[in-house]
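Chemist: got a structure for you, letters missing:
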């Protein structure tokens, strides 16, 4: 995981309306802040922070600095901000609830701070926010992050499970891993002449490898025989992407374990006609295809709809409509966490899913 702090600011529009909502999504290695125009109902700008682990001790201070600094740079006045919505892992959210107030952001006392409620200690408010984005009807939903969270939606009720991962899907377990923000390598392929070609988010200098790119690199290695089905790199310990970045043998082990845990969890859920995936592996369509070819989810999910981050949109829905906040609390209160009942079968499935396919 990259450890040098990096901040990125992107402005989508030249102007905004009189009311702004701020959606904050916090993961183990990323703080993303979206400025949402409540008047015109569209995203106005986004600022993100990556580099190292996001801990409860530094999350609040970093979030305050990120918002106050970007508001000043974007020319957003304190009087235009109506509310801040936050989704985060439970151990971070519980700390921030006690720590943050509007005055910390130099905002009027009338500005509300809303935290998306978590379902359980392992199933955070981020997943609750993600579930808010699902369409009507029965389906399976999953978020591939530092924790793998999955849910079966049936008759508008949710049955959920979660399993801790090693960091392949958010980049925390990869030596040069990072989210697919500016500077991240987000695509890797092998040309017909054998040259390894890669693409970078923002078309600038690369500073790390996204989870999607790491999965694509593993796919290339399997195709060329540089990686066998047991997860052993056969002719070298490093697969270089350009001159500065690589996927290592330890990275492959992390990918191998996490793809097996995700596949095992999904195999234990009943099949559904529709599936929806969210997470860094899906920052590109090629990342989705690579994870499928590596065995990261069962074949019945191959037509799943996917996006990089559904949690951000779920927070925005809560900022737009108080009824969505009520729905978030309803989901958190009524969802059933069946993780403990799945663990005995999960361990068996995990070992069955551990090997990479012989041919892809």
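Modeler: In hand now; what should we look at? Just so you know, these numbers come straight off a predicted model, no measurement behind them.

Chemist: so residue 101 sits right up against residue 113, yeah?
Modeler: Yes: using Cβ atoms under 8 Å, residue 101 makes contact with residue 113 at a distance of 7.3 Å. C-beta coordinates here come from the backbone N, C-alpha and C atoms, glycine included.

Chemist: higher neighbour count, those two?
Modeler: Under the neighbour definition other Cβ atoms under 10 Å, residue 101 and residue 113 were set side by side, and residue 113 has more, 18 against 10.

Chemist: Kindly confirm my reading that that one is in a helix.
Modeler: No: with DSSP: H, G, I helix; E, B strand; the rest coil as the criterion, residue 113 is located in strand rather than a helix.

Chemist: tell me the contacts of it?
Modeler: Contact criterion Cβ atoms under 8 Å, 6 or more residues apart in numbering gives 83, 84, 86, 100, 101, 102 as the residues in contact with residue 113.

Chemist: any idea of the pLDDT on the fifth one?
Modeler: Reported pLDDT at residue 101 in the predicted model: 97.

Chemist: ok, it - contacts?
Modeler: Applying Cβ under 8 Å, 6+ apart, one finds that residue 101 lies in contact with residue 113.

Chemist: what separates it from residue 107, distance-wise?
Modeler: When distance is defined by Cβ to Cβ, to the nearest Å, residue 101 is 9 Å away from residue 107.

Chemist: All the helices of the stretch 251-360 of the chain, in order from the start?
Modeler: Assigned helices in the stretch 251-360 of the chain, in chain order: 285-293, 310-320, 322-334, 339-352 (criterion: DSSP state H, counting those that start in this stretch).

Chemist: so which of these gets nearest residue 141?
Modeler: For these, the distance to residue 141 is smallest for helix 310-320, at 8.3 Å, taking Cβ to Cβ.

Chemist: Other residues contacting the closest one?
Modeler: For helix 310-320, contacts defined as Cβ under 8 Å, 6+ apart pick out 21-25, 32, 34, 36, 38, 41, 43, 82-83, 85-87, 114, 116, 126-133, 143, 276, 278, 324-325, 328.

Chemist: gap between stretch 2-17 and the chain center?
Modeler: Averaged C-alpha coordinates place stretch 2-17 at 18 Å from its chain's average position (Cα atoms, centre = their mean, to the nearest Å).

Chemist: quick one, helices of the stretch 101-250 of the chain?
Modeler: 125-132, 211-224, 249-268.

Chemist: just the ones you listed: most buried one?
Modeler: The highest average neighbour count among the helices of the stretch 101-250 of the chain, using mean count of other Cβ atoms under 10 Å, belongs to helix 125-132 at a mean of 29.

Chemist: pLDDT of that helix, averaged?
Modeler: Along helix 125-132, the predicted confidence averages to a pLDDT of 98.

Chemist: Show the contacting residues for residue 324.
Modeler: Taking Cβ under 8 Å, 6+ apart, we find residue 324 in contact with 132, 317, 318.

Chemist: cool, residue 144 as well?
Modeler: 169, 262, 277, 278, 279, 280, 281, 282.

Chemist: and of these, the nearest to residue 337?
Modeler: Minimum distance to residue 337 across the contacts of residue 144 is 17.5 Å, recorded for residue 262 (Cβ to Cβ).

Chemist: What spatial separation is found between that closest one and residue 177?
Modeler: Here residue 262 is placed at a distance of 17 Å from residue 177 (Cβ to Cβ).

Chemist: What of residue 337?
Modeler: Computed with Cβ to Cβ, the distance linking residue 337 and residue 177 is 28 Å.

Chemist: follow-up on the earlier one: I'd like the contacts of residue 113 laid out as TSV, including distance to residue 184.
Modeler: TSV is the format used below for those (distance: Cβ to Cβ, whole Å):
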residue	distance to residue 184
83	30
84	26
86	24
100	29
101	34
102	33
